[in-house]
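# what would the 3D arrangement of this be:
(2 chains)
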Amino acid sequence: MMWEQIRSNRIRSLVLTAAMGMLLLAIGYFLGLYFLDSPIVGLVIALALWIIMSLVAYFQGDGIFLALSKARKIDRDDHPRLYNIVEEMKIASGLEKMPDIYIIDDQALNAFATGRDPNKAAIAVTSGLLQKLNRDELQGVIAHEISHVVNRDVLLMVMCGVLLGSIVILAFIGTRMLFFSGMTGGRRSSRSSGGGGGQAQIIILVVALVLMILAPIAAQLIYFAISRKREYLADASGALYTRYPEGLASALEKIAASTKPLQSANQATAPMYIMNPFRKEGMAASNLSSTHPPISERIRILRSMGGASFADYNRAYGETHRGGGILPASAVASAGAVGLRGAAAEVSPLEPEPDAVGRTRETSDLIWRLNQYKTIDCDCGDKLKIPPKFKGSSVRCPHCGRVHQIK
Amino acid sequence: MIALWVVLGIIVIVIIFFVANYNGLVRFRNQRENAWAQIDVQLKRRYDLIPNLVETVKGYMEHERETLESVTNARNLAQQAPSGDVGARSKAEGELSSALARLLVVVENYPDLKANQNFLALQEELTSTENKISFARQYYNDAVLRLNNKIQMFPSNLVAAITGFKLGEFFEITVAEEREAPKVSFA
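Residues are numbered from 1 along each chain as shown, chains lettered A, B, ... in the order given. So this is what the prediction gives:
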């Protein structure tokens, strides 16, 4: 079931990577032909750019990405509930190794997964998410992120992103070079061809120009199309793992209602998040240049599933899109009916889950701790937070005046 | 000459078919075994949590000796169940789940206990372990279904019959309360 999807994902990644790679090499070829008079050199430059960027992304991508988003790693004791939820979803998805868990200190509601292979995965959530979502909703979000890891989406998106980046860079340099060589009116390679070659040169120039303008757009559209498809599949897998699509639906609703932008996201990292960090309100349903499907649509599909299987998701998708499925046929056909479970509160009415206020307190305590603040519980009920730079050996409670020794 | 090549070709195709199906069967059997190990880990975790829970709760619940004893007994019985026998194991774990559920319902009557930090931490652990057991069970049953389909469906059933693959057994935990009507006594 799952591994059939992984296999189809691999084939698709290969085809798309090849297509984007061809685009990149074509640009290199024509740039080389036009400026250096040697298509081979152009090809080599394009290839070298691609390989270097891919290697960096493959070996350093996770670290760079986590550093860019200012994520901090946490342990089990820092937030037992989050750790437990991630472990539950790890078990439900059959992932072999427990992913690392990161927290981003940001009031925006968002989450992402990284990891070039499922054994080196990491999941990051914002502190805002921990405060606003209850257990079921958080579980839905984590299930969605774990699906990205299990379905090998992360590697696919990173490799496509690198190709897109290389194409954009080369096209950018190429158009500038064409522009400036056009301004001075001369070309370095005129020595090689006789008078009869003029027409061929013009054809090459036109092809190069068209390629330079269209390639980045085409590559971007391919990239966005893949990204949106992977989001739907991750929603479907998330529903299957939790057996509770309402959790993710309700989480998406809360995320959509929150208007705080994520401080540390940028255009390159946007497709990695559960929700496009740059979304604008009232986005059209058939927006081609968007990395994520419209959120209202994702919620509507999740809520009309009626079961938890891929077939249920595919049918629900078909209903909102007048026929036509979204998931690979092999995935839909393989499984039987899968029932839903109740909300956590119904299944286990004694779930010791804190309410919104409790969650906010819990999360802010966590952030203080991550920033190396010491906390002292005063007898009057206050909590004193001592910054790591504080040098004194004792502190007076501002509320009741008791003096505390700092250990 | 041509006949020889045809025969050779057919033999090669049969071998490829056999190897591919055999490997598929082995992969699914390994997945089943891995999934079973996952359940095992969580069940052991639950065995470890129960003595702590009983110890914490005991001081508060003088009148619930019977409930506590039934939890401890169910735990010991479950621990003694042969670990490879899916049927016996799931029955014993079902008993333990019902005993635990009864205990957690009784807890409602003891507000002091619900304020105990130690107990709250234990409760999160226990609830999450219950969740993990059910998710591990869900994954295990999916793996068994895949394995059984492969063993029973044509053409892989031929390979399974020759190499002697056994059907996997589903792990069903039935909590007694869910099926029995509540007993009301008018004594």
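# how far off centre is the longest helix along chain B?
Identified as the longest helix of chain B according to DSSP state H is helix B:2-58. Centroid separation for helix B:2-58 versus its chain: 15 Å, with CA atoms, centre = their mean, to the nearest Å.
# which other helices and strands contact that helix?
Helices and strands touching helix B:2-58, by 3 or more CB pairs under 8 Å, 6 or more residues apart in numbering or on different chains; DSSP states H and E, are helix B:65-80, helix B:86-107, helix B:117-152, helix B:156-163. C-betas here are computed from N, CA, C, even on glycine.
# got TSV for those helices, with mean pLDDT too?
Shown next, in TSV, are these (pLDDT from 0 to 100):
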stretch	mean pLDDT
helix B:65-80	86
helix B:86-107	84
helix B:117-152	85
helix B:156-163	84
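# right, so of the ones you listed, which gets closest to chain A?
helix B:117-152 (3.7 Å; CB to the nearest CB).
# do that closest one and chain A meet?
Yes: using CB under 8 Å from any CB of the partner chain, we find that helix B:117-152 touches chain A at B:120-121, B:123-125, B:127-128, B:130-132, B:135-136, B:138-139, B:142-143, B:145-146.
# buried subset of these?
Buried subset of those (neighbour count, 16 or more other CB atoms under 10 Å in any protein chain shown): B:123-125, B:127-128, B:130-132, B:135-136, B:138-139, B:142-143, B:145-146.
# pLDDT weak spots in the stretch 201-350 of chain A?
By pLDDT under 70, the low-scoring segments of the stretch 201-350 of chain A are A:259-261, A:263-272, A:276-291, A:322-350.
# and the helices in it?
With DSSP state H, counting those that start in this stretch as the criterion, the stretch 201-350 of chain A has helices at A:245-257, A:295-303, A:310-320, A:329-334, A:344-347.
# quick one: the residue lying farthest from the centre of chain B from A:Val158, how far?
No residue in chain B sits farther from the centre than B:Met1, which is 57.9 Å out by CA atoms, centre = their mean. With distances taken as CB to CB, to the nearest Å, B:Met1 is found 54 Å from A:Val158.
# ditto for A:Ala111
17 Å.
# out of those two, which sits in the more crowded spot?
Neighbours were counted for A:Ala111 and for A:Val158 using other CB atoms under 10 Å in any protein chain shown; A:Ala111 has more, 24 against 21.
# what's the burial count for the residue lying closest to that one once chain neighbours are set aside?
Nearest residue to A:Ala111 in three dimensions, chain neighbours excluded: A:Val125, at 4.4 Å (CB to CB, 6 or more residues apart in numbering or on different chains). By the measure other CB under 10 Å, the count of residues near A:Val125 is 28.
# let's have the helices of the stretch 201-350 of chain A in CSV, adding distance to B:Ile16 and mean neighbour count.
Shown next, in CSV, are the helices of the stretch 201-350 of chain A (distance: least, CB to CB, whole Å; neighbours: other CB atoms under 10 Å in any protein chain shown):
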stretch, distance to B:Ile16, mean neighbour count
helix A:245-257, 41, 22
helix A:295-303, 41, 19
helix A:310-320, 30, 21
helix A:329-334, 21, 16
helix A:344-347, 48, 14
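# for the nearest residue to A:Ser258 once chain neighbours are set aside, phi and psi?
Closest residue to A:Ser258 apart from its sequence neighbours, by CB to CB, 6+ apart: A:Leu109 at 4.7 Å. In terms of degrees, to the nearest 10, the main-chain angles of A:Leu109 are phi -100, psi 110.
# for the stretch 101-250 of chain A, which residue gets nearest to chain B?
A:Arg243 (7.1 Å).
# please verify my assumption that that residue contacts B:Asn141.
No: using CB atoms under 8 Å, A:Arg243 makes no contact with B:Asn141, being 11.9 Å away.
# what number of residues lie near A:Ile103?
By other CB under 10 Å, neighbour count at A:Ile103 equals 23.
# mind checking the SS state of it?
Three states are possible here, and by DSSP: H, G, I helix; E, B strand; the rest coil the one that applies to A:Ile103 is strand.
# ditto for A:Ile123
strand.
# and for it, the neighbour number?
When neighbours are counted by other CB under 10 Å, A:Ile123 comes out with 25.
# swap in A:Tyr273?
23.
# which residues does it bridge with?
Listed beta-bridge partners, A:Tyr273: A:Phe112 (assigned using DSSP bridges).
# surely B:Arg146 touches B:Phe28?
Yes: with contact defined as CB under 8 Å, B:Arg146 counts as touching B:Phe28 (5.2 Å).
# got the residues of the stretch 151-300 of chain A near chain B?
Counting by CB under 8 Å from any CB, the stretch 151-300 of chain A sits next to chain B at A:Tyr241, A:Arg243.
# retrieve the pLDDT associated with residue 16.
Chain wasn't specified; assuming chain A. pLDDT, the model's per-residue confidence, is 75 for A:Leu16.
# hmm, I had chain B in mind actually
92.
# what's around it, how many residues?
B:Ile16, neighbours per other CB under 10 Å, totals 10.
# then B:Val14?
10.
# any idea how far it lies from chain A?
24 Å (CB to the nearest CB, to the nearest Å).
# and the next helix or strand past the helix or strand harbouring A:Arg361?
Per DSSP states H and E: A:Arg361 is located in helix A:356-370. Under the assignment DSSP H and E, the closest C-terminal helix or strand after helix A:356-370 is strand A:374-377.
# which other helices and strands does that next one contact?
So strand A:374-377, by 3+ CB pairs under 8 Å, 6+ apart, packs with helix A:356-370, strand A:383-386.
# CA atoms of stretch B:151-161 as PDB?
Backbone C-alpha positions of stretch B:151-161 (Å, rounded to 0.1, in the frame of the first residue of the first chain) are rendered in PDB as follows:
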ATOM      1  CA  ILE B 151      -0.300 -15.700   0.400                       C
ATOM      2  CA  GLN B 152      -3.800 -16.300  -0.800                       C
ATOM      3  CA  MET B 153      -3.900 -14.400  -4.200                       C
ATOM      4  CA  PHE B 154      -2.900 -15.900  -7.500                       C
ATOM      5  CA  PRO B 155      -0.200 -16.100  -8.700                       C
ATOM      6  CA  SER B 156       1.900 -15.600  -5.500                       C
ATOM      7  CA  ASN B 157      -0.200 -18.300  -3.700                       C
ATOM      8  CA  LEU B 158       1.700 -20.900  -5.800                       C
ATOM      9  CA  VAL B 159       5.100 -19.700  -4.500                       C
ATOM     10  CA  ALA B 160       3.700 -19.400  -0.900                       C
ATOM     11  CA  ALA B 161       2.400 -23.000  -1.100                       C
END
